[in-house]
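Colleague: I'd like to go over a predicted model; first the sequence, then the structure.
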Amino acid sequence: MSAMAPASSLGVVATLRRGLSASPQLVVGWKVTFLLAVVASFGRVLVPIAVQQTVDTGILAPGGPDVRRVAVLTSVAAAGLLVGAVCSGYVNVRLFRSSESGLLSLRTQAFRHVHDLSVLTQNTERRGSLVSRVTSDVDTISLFVQWGGIMLLVSVLQIGVATILMAVYSWQLTLVVWAGFVPLFLALRPLQKRVNGRYTVVRERVGAMLGAISEAVVGAETIRAYGVGERTQRRIDASVGATRAAMVRAQNLVGVVFSSGVLVANLVLAVVVVVGTYLGVAGQMSVGKLLAFLFLVQLFTGPVQMATEVLNELQNAVAGWRRVLGVLETPIEVVDAGAAGVPSPRGPATLELRDVAYHYPDGPAVLVDVDVSVPAGSSVAVVGATGSGKTTIAKLVARFMDPTAGAVLLDGVDLRDIPVDQLRRRIVLVPQEGFLFDGTLAENISYGLRPDGDAHAAAPDDARVREAVDALGLADWVDDLAAGLGTQVGQRGESLSAGERQLVALARAYLADADLLLLDEATSAVDPATEVRIARALESLTQGRSTVTIAHRLSTAEAADAVVVVDAGRVVETGHHDDLVAREGHYAALHAAWVSQTR
């Protein structure tokens, strides 16, 4: 089992390259977009040229002001600005479309990858923090892609064009401008590295904050029950405070970088005015050229200041990108055999655990040399003390994880060689407490239905759901509910009791119509009436199917065709209930203890 990578370790350029390869939609049509951005930039460059020509050849023409020429030049400048504005608007539209398409792909990939990871790997990170990688971290990328990426390229281009035109008008003033900005450019690189480090901390703190908040929301009932609201609030306050502190530290450094650009730009402009005036008085520069140069300085300093801000947004985006890529780089341990796998046709299912061993990372062995056989159509109960390895066997049979040694076989084929979609159709796990989604009872039961062909097929009507309810003998329970199958179950099924949620899970399993049922029994905390309903539903559900039950109540073992006794990760006994009791071994002791507790 691999822990979830906190973030990718790639550098800035490598991160951008890897991120773009993961979301190629981000750069679809970028050449056209860049060309439009270039046209928009040249539209702005026309202004200083028009100013110079208007002043020197129009207003200050040798024979007096040339009104017609002034009108033509200003019209050309206005047309250039109009074309530039249209191109700029179209650039924004194209950037928005491509970025949203690319980020949709990135979110989808990350979400899919999270679901493909083993449950153990998912559990290495808090749920809220994991969700933040697919939501807020991607949002930081969105802000940069939609605004900063192309503007950074355009800014560099505009700086180059402005430099060329400034050199045409005055090489002396051009040297003055660059002499002012070169030190800033040299200082920018180490500053950006520090900004990147601080934004990385920000993304980590945001993830931790969302994890703490979501945990408190989900566990609100427990928090109230134990009166630990103040302690929980302190934890959340500390997480929020840490996030704020990280953001302030990052923004303080960003403020230094941006303010430095503004300060240098203003100083350069002041120096250009002084030196330009001197050159003008000396007759080395016309009034129009000086005015044009001042416009060009603005076109030069504007992109420089914008570039520093864009670079700051880039660092934030790279920090978010690294966390998203950290998800994508986390190896998938339960690998889907896919189309290359061995087909597993529907029908009576046999199950075999052959020399199975498993150990958690950095921990002792949980299972050792486990051999279990479940013939088609039979029921097997797995019993043992808490921590004996029963739940691990269930996870291996459901293929939530793979054994570290040995193999789990379905109809003689290793589960690792069976395509996951076929495996999920043939084996269904009914957990101790079925998870319910916010919606109606019918909608939750319908999760057991698997659409054939079209994965986006419309939800079925209530007829199939009603069929499952009737077949499992749950009609009286459903009809007693205020809205029947239309009853809202609430978030996580909070409107229903634990036993009622288990009934929904059984109805789902009926609709799934699996060949092998894996039941993690949970009836110890239900009322007698619900327990009777569950027992009756289980009898109908398991009829004619292979069944493996993780038995917590030994009455289940009494009714099973065979009992597997697990102790300290090893199978110590196997046989029918009556035979095992007669042996007076491990199972007999467990059974005697259970009988004494139920009297």
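Modeller: Okay, I see it.
Colleague: so where's the stretch 101-250 of the chain shaky on pLDDT?
Modeller: 119-120, 122-130, 143, 146-150, 152-153, 192, 218, 221-222, 225-226 (pLDDT under 70).
Colleague: show me where it has helices.
Modeller: Under the criterion DSSP state H, counting those that start in this stretch, the stretch 101-250 of the chain carries helices at the ranges 119-122, 127-134, 136-143, 149-169, 171-218, 220-225, 229-281.
Colleague: which of those helices sits closest to Ala507?
Modeller: Distance to Ala507, taken as CB to CB, is lowest for helix 119-122 among the helices of the stretch 101-250 of the chain, at 23.6 Å. No exception for glycine: its C-beta is placed from N, CA and C like everyone else's.
Colleague: for Arg426, find the nearest of the helices of the stretch 101-250 of the chain.
Modeller: Using CB to CB, the helices of the stretch 101-250 of the chain put helix 119-122 closest to Arg426, at 19.7 Å.
Colleague: I'd like the helices of the stretch 101-250 of the chain as CSV, with distance to Lys390 appended.
Modeller: Compiled in CSV, the helices of the stretch 101-250 of the chain are given as follows (distance: least, CB to CB, whole Å):
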stretch, distance to Lys390
helix 119-122, 16
helix 127-134, 25
helix 136-143, 38
helix 149-169, 53
helix 171-218, 26
helix 220-225, 25
helix 229-281, 33
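Colleague: can you put the ones you listed in TSV and add distance to Arg346 and mean neighbour count?
Modeller: Putting the helices of the stretch 101-250 of the chain into TSV (distance: least, CB to CB, whole Å; neighbours: other CB atoms under 10 Å) gives the following:
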stretch	distance to Arg346	mean neighbour count
helix 119-122	26	16
helix 127-134	34	21
helix 136-143	39	20
helix 149-169	50	19
helix 171-218	37	18
helix 220-225	41	12
helix 229-281	48	15
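Colleague: out of those, which comes closest to Phe300?
Modeller: Nearest to Phe300, of the helices of the stretch 101-250 of the chain and by CB to CB, is helix 149-169 at 4.2 Å.
Colleague: just to revisit the earlier point, and of the helices of the stretch 101-250 of the chain, who's closest to Val572?
Modeller: helix 119-122 (25.8 Å).
Colleague: which parts of the stretch 451-599 of the chain are helices?
Modeller: Using DSSP H, counting those that start in this stretch, helices in the stretch 451-599 of the chain cover 462-471, 475-480, 498-512, 528-542, 554-559, 577-583, 586-598.
Colleague: for Arg205, find the nearest of those.
Modeller: Of those, nearest to Arg205 by CB to CB is helix 498-512, at 35.5 Å.
Colleague: contacts for the closest one, please.
Modeller: With CB atoms under 8 Å, 6 or more residues apart in numbering as the test, helix 498-512 has contacts from 425, 428, 430-431, 433-434, 436, 441, 444-450, 464-465, 468-469, 471-472, 474, 477, 489, 493, 496, 517, 522-523, 525-527, 530-531, 533-534, 537-538, 540-541.
Colleague: domain ranges for this structure, per the record?
Modeller: With automatic domain parsing as the criterion, the domains of the chain are listed as 12-329, 351-451+458-598.
Colleague: could you tell me the least trusted of those?
Modeller: Among the domains of the chain, domain 12-329 carries the lowest mean pLDDT, a mean of 78.
Colleague: please name the bridge partners of the closest residue to Gly585 other than its chain neighbours.
Modeller: Leaving aside its sequence neighbours, Gly585 sits nearest to Glu573 (CB to CB, 6 or more residues apart in numbering; 5.7 Å). Here Glu573 sits in beta bridges with Val565, as judged by DSSP bridges.
Colleague: hmm, back to that, Pro345 is nearest to which of the domains of the chain?
Modeller: Nearest to Pro345, of those and by CB to CB, is domain 351-451+458-598 at 8.4 Å.
Colleague: quick one on the thing from earlier: can you tell which of the helices of the stretch 101-250 of the chain is closest to Asp579?
Modeller: helix 119-122 (35.4 Å).
Colleague: re the thing from before, out of the contacts of helix 498-512, which are buried?
Modeller: 425, 428, 430, 434, 436, 441, 444-449, 464-465, 468-469, 471-472, 474, 477, 489, 493, 496, 517, 522-523, 526, 530-531, 533-534, 537-538, 541 (16 or more other CB atoms under 10 Å).
Colleague: if we can go back for a sec, can you redo the domains of the chain as JSON lines with distance to Ala339?
Modeller: Output for the domains of the chain, formatted as JSON lines (distance: least, CB to CB, whole Å):
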{"stretch": "domain 12-329", "distance to Ala339": "16"}
{"stretch": "domain 351-451+458-598", "distance to Ala339": "7"}
